[in-house]
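Engineer: please find the sequence and the predicted model below.
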Amino acid sequence: MNVRPIKNKKDYDRALARLETIFDAEKGTNEGDELELLSMVIDIYEKEKYLIDFPDPIEAIKFRMEQMDMRQKDLVDLIGFKSRVSEVLNRKRKLTLDMIRKISEVLSIPSEVLIREY
């Protein structure tokens, strides 16, 4: 077993190639232990180098609405009047704390996403 920290792209590519080679290793074997450690090292590197930021709050709402087959009128109970829903989705009105709480609960969008600037 030769698991080392990943310091650059070359190390990362080498680690991915090795991971692919031992991917089906059984737990409790030397290769199984190497697979587990290598996975952790790759995960740490990817989190540091390829950090994925939260999506835009309005885009997150629109995406979730599409997934749930919802229309703007379905948000009236969460946001308020039909015109207010339109203003929020067109970025003319900011989300309030009350809106964020309701949207987060009903649409299952983390509040950390909804409180971001847009």
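Structural biologist: Ah, there it is.
Engineer: domain assignment for this protein?
Structural biologist: Using automatic domain parsing, the domains assigned to the chain come out as 9-49, 57-114.
Engineer: sec struct for residue 64, please.
Structural biologist: With DSSP: H, G, I helix; E, B strand; the rest coil as the basis, residue 64 sits in helix.
Engineer: and the contacts of whichever helix in the chain runs longest?
Structural biologist: In the chain, with assignment by DSSP state H, the single longest helix is helix 30-49. Residues outside helix 30-49 that contact it (CB atoms under 8 Å, 6 or more residues apart in numbering): 1-6, 12, 15-16, 18-19, 22-23, 25-27. Quick note: C-beta positions are derived from backbone N, CA and C, even for glycine.
Engineer: switch the cut-off to 6 Å
Structural biologist: For helix 30-49, the external contacting residues (CB atoms under 6 Å, 6 or more residues apart in numbering) are 1, 3, 6, 12, 15, 19, 22, 25, 26.
Engineer: contacts only, for the second one.
Structural biologist: Right, residue 3. 37, 38.
Engineer: tell me the confidence at it?
Structural biologist: Predicted confidence (pLDDT) at residue 3: the value is 90.
Engineer: SS state for it?
Structural biologist: coil.
Engineer: dihedrals phi and psi, it?
Structural biologist: phi -90, psi 130 (degrees, to the nearest 10).
Engineer: now swap in residue 78 and tell me
Structural biologist: Here is the backbone geometry of residue 78 (degrees, to the nearest 10): phi -90, psi -40.
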